[in-house]
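Participant: Need a 3D model of the sequence below.
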Amino acid sequence: MRLLLFSPHPDDIAIAMGGFASMLAHGDAEGVTVVLATDGSESLIPSNVLEKHGWLPTMTPVDQRALRGRIRVEEAREEIARLGFPRDSVHLLTRQRWAADHRTAPADLHPDLSLRDVAKFIPGPVDGEALAEFREIIGDDALCFAPDPNDRLLMHRIVTDLVVQACDASRLITYECLSTIEPTGRQFLFAFGEELMAPKRHAILAHESMIERRRQFGGYSNPGTEGYDEIVRRRNSALAIANGCELPFAERYGFPA
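Facilitator: From the prediction side, this is the model:
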């Protein structure tokens, strides 16, 4: 069976499921593809990183956006190489325009056992061609990994909603992002040790543009400048402790209800 790891943004796989992904890469899994739903071209990237990659003040807005996209996609290729996959295992979807003009407030999210509409979310103007592209890459035989639908980030919910529309729910496993409010569906825990935590942290650090942005400007959800790798390490450890795992780290996944 082909495995598709859907990444709404170029760094989501390493942050959310880097341990499990690294195990897949070093096991017997074949046909694993990381699917980038966006190229990160709308990201805020600090000027010192842009200049390192050839930014010039004479660039047009279109050229600047293209440069940001190239930077982030190349970081995604380095990310999966550090996890153990071939660099060409990244597939970038061509439909890059999304509705992302609002986020659902956490107080308005109502988790239940339903996969659809957990966050009272209806996709914005995501066109039919985007859904057609999801259906084409998923086909009839792929097992898909996508964010938990009860996530505060709109882009994450859009991607999962499109995956749900494009394939049978029995072929979907959801992963918990840092921005997940409350996981939904039937849960299972993947426990792992330092041998998988090390490549996971190393893969997160491949995203120099986002690490530098956080160092300079702080994060989306809090003003702190602590690195993503430390935040993820601490959360993975706390998740293991809370669930009584013998191994020191854990990631949480779910099946549709």
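Participant: For residue 2, give the beta-bridge partners.
Facilitator: residue 142 (DSSP bridges).
Participant: Could you count how many residues lie near it?
Facilitator: Neighbour count of residue 2, defined by other CB atoms under 10 Å: 15. Heads up, the C-betas are built off the backbone N, CA and C, glycines and all.
Participant: And the helix or strand hosting residue 155, what does it pack against?
Facilitator: For residue 155, the element it lies in under DSSP states H and E is helix 154-166. Packed against helix 154-166, as judged by 3 or more CB pairs under 8 Å, 6 or more residues apart in numbering; DSSP states H and E, are the following elements: strand 2-7, helix 128-138, strand 142-147, strand 172-175.
Participant: Would you format these as CSV with distance to residue 204 and mean pLDDT included?
Facilitator: Shown next, in CSV, are the helices and strands packed on helix 154-166 (distance: least, CB to CB, whole Å; pLDDT from 0 to 100):
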stretch, distance to residue 204, mean pLDDT
strand 2-7, 13, 94
helix 128-138, 25, 85
strand 142-147, 16, 94
strand 172-175, 15, 95
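Participant: What is the subsequent helix or strand relative to the host helix or strand of residue 33?
Facilitator: Using DSSP H and E, the element containing residue 33 is strand 32-36. Moving toward the C-terminus from strand 32-36, the next helix or strand (DSSP H and E) is helix 47-52.
Participant: so where do the strands sit in the stretch 51-200 of the chain?
Facilitator: Shown for the stretch 51-200 of the chain, the strands assigned by DSSP state E, counting those that start in this stretch span residues 90-92, 142-147, 172-175, 186-192.
Participant: Let me know which of these is tucked in deepest.
Facilitator: Highest mean neighbour count among those (mean count of other CB atoms under 10 Å): strand 172-175, with a mean of 24.
Participant: Sheet partners, orientation included, of it?
Facilitator: With DSSP bridges as the test, strand 172-175 is paired with strand 142-147 (parallel), strand 249-255 (antiparallel).
Participant: In TSV: the strands of the stretch 51-200 of the chain, plus distance to residue 157.
Facilitator: Shown next, in TSV, are the strands of the stretch 51-200 of the chain (distance: least, CB to CB, whole Å):
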stretch	distance to residue 157
strand 90-92	20
strand 142-147	7
strand 172-175	11
strand 186-192	18
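Participant: do you know which of these lies nearest residue 212?
Facilitator: Residue 212 sits nearest to strand 90-92 of all the strands of the stretch 51-200 of the chain, at 21.3 Å, using CB to CB.
Participant: In terms of secondary structure, what does that closest one contact?
Facilitator: Going by 3+ CB pairs under 8 Å, 6+ apart, strand 90-92 lies up against strand 32-36, helix 61-83.
Participant: Throw the ones you listed into TSV and include mean neighbour count and distance to residue 206, thanks.
Facilitator: Listed next are these as TSV, based on neighbours: other CB atoms under 10 Å; distance: least, CB to CB, whole Å:
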stretch	mean neighbour count	distance to residue 206
strand 32-36	22	12
helix 61-83	19	4
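Participant: can you put those in a markdown table and add mean pLDDT and distance to residue 49?
Facilitator: Shown next, in a markdown table, are the helices and strands packed on strand 90-92 (pLDDT from 0 to 100; distance: least, CB to CB, whole Å):
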| stretch | mean pLDDT | distance to residue 49 |
| --- | --- | --- |
| strand 32-36 | 94 | 19 |
| helix 61-83 | 91 | 7 |
